[in-house]
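Student: need a 3D model of the following:
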Amino acid sequence: MKKGIVIGNKIKAIREAQNMTAEQLAKQSGLSLEQITTLEDTETLTALSPLIRVARALGVRLGTFLDDDSALGPVVCRRNEAEASISFSNDKTGGNRHMNYFSLAKTKSGRHIEPFIISIAACTKKDFIMSSHEGEEFIYVLEGVIKITYGKEVFILEAGDSIFYDSIVEHLVEGSCESAAKILAVVYSPM
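Tutor: I've put the predicted structure just below:
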């Protein structure tokens, strides 16, 4: 089963367990009913920001949608275990999936941060949507070059560079046009 469908099923199950309608979730999260329906019923995940808003509206951690198990102690993620990914299509014109998220802590219960390795495709000249949500993000570039738009500022980061920012400011992470990139990203989203 595709990861988007699994996440959609979890959102729907949590919503229904709380006796909440899709309309109520849309209102509480600030999303449209169409966005909630898309999150619950399709395998396309549009962006991280709507998931964070849904998690907040449901009163759960973002990781609740990504969890496979519930390990209470330390979690080790081996290189060959980080294959299952979440793809986001974050553009206005359709289904270009430019970022694949590999969770590094999907079995850790009770976590407050979400660590990911993210593969970013080379730029595709699409009109991407800026993201904004509560919390903080830390990004460390492992390979390649990325462009980060943060508010009105633009930062070009190369392998070995890092950035830490407040996620409430509109931001966008993109690959360079020359080649793909890989980053370590840690997202903190308060509940």
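Student: domains for this protein, by residue range?
Tutor: 3-65, 79-188 (automatic domain parsing).
Student: now mean pLDDT and mean neighbour count too, for these, in CSV please.
Tutor: To be clear about C-beta, it is placed using only N, CA and C from the backbone, and glycine gets the same treatment. Formatted as CSV, the domains of the chain follow (pLDDT from 0 to 100; neighbours: other CB atoms under 10 Å):
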stretch, mean pLDDT, mean neighbour count
domain 3-65, 83, 18
domain 79-188, 81, 16
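Student: spit out the contact partners of the residue nearest the centre of the chain.
Tutor: Of all residues in the chain, the one closest to the mean position by CA atoms, centre = their mean is Leu48, 3.2 Å from it. Contacts for Leu48 (CB atoms under 8 Å, 6 or more residues apart in numbering) come out as 88, 101, 131, 133, 187.
Student: tabulate those (JSON lines), appending distance to Ile14.
Tutor: Listed next are these as JSON lines, based on distance: CB to CB, whole Å:
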{"residue": "Phe88", "distance to Ile14": "20"}
{"residue": "Tyr101", "distance to Ile14": "20"}
{"residue": "Ser131", "distance to Ile14": "22"}
{"residue": "His133", "distance to Ile14": "19"}
{"residue": "Val187", "distance to Ile14": "20"}
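Student: which of the residues you listed sit farthest apart?
Tutor: Within the contacts of Leu48, two members stand farthest from each other by CB to CB: Tyr101 and His133, at 14.9 Å.
Student: before we move on, the earlier item: which of the contacts of Leu48 sits closest to Ile52?
Tutor: So of those, ranked by how close each gets to Ile52 (CB to CB), first place is His133, at 4.3 Å.
Student: that closest one touches Glu170, doesn't it?
Tutor: No - counting by CB atoms under 8 Å, His133 stays clear of Glu170, with 9.9 Å between them.
Student: gap between Ile117 and Val145?
Tutor: 17 Å (CB to CB, to the nearest Å).
Student: again with Lys10
Tutor: 35 Å.
Student: next: Ser189.
Tutor: In terms of CB to CB, Ser189 sits 27 Å off from Val145.
Student: may I have whichever helix in the chain runs longest as PDB, with CA atoms only?
Tutor: In the chain, taking DSSP state H as the definition, the longest helix is helix 3-17. Output of helix 3-17 as PDB, limited to C-alpha atoms (Å, rounded to 0.1, in the frame of the first residue of the first chain):
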ATOM      1  CA  LYS A   3       2.400   5.600   2.000                       C
ATOM      2  CA  GLY A   4       0.000   8.400   1.100                       C
ATOM      3  CA  ILE A   5      -2.900   6.000   1.400                       C
ATOM      4  CA  VAL A   6      -1.700   4.800   4.700                       C
ATOM      5  CA  ILE A   7      -1.400   8.400   6.000                       C
ATOM      6  CA  GLY A   8      -4.900   9.200   4.600                       C
ATOM      7  CA  ASN A   9      -6.400   6.100   6.400                       C
ATOM      8  CA  LYS A  10      -4.800   7.200   9.700                       C
ATOM      9  CA  ILE A  11      -6.100  10.700   9.400                       C
ATOM     10  CA  LYS A  12      -9.600   9.400   8.600                       C
ATOM     11  CA  ALA A  13      -9.500   6.800  11.400                       C
ATOM     12  CA  ILE A  14      -8.400   9.400  14.000                       C
ATOM     13  CA  ARG A  15     -11.000  11.800  12.800                       C
ATOM     14  CA  GLU A  16     -13.800   9.200  13.000                       C
ATOM     15  CA  ALA A  17     -12.600   8.000  16.500                       C
END
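Student: nothing else from me, thank you.
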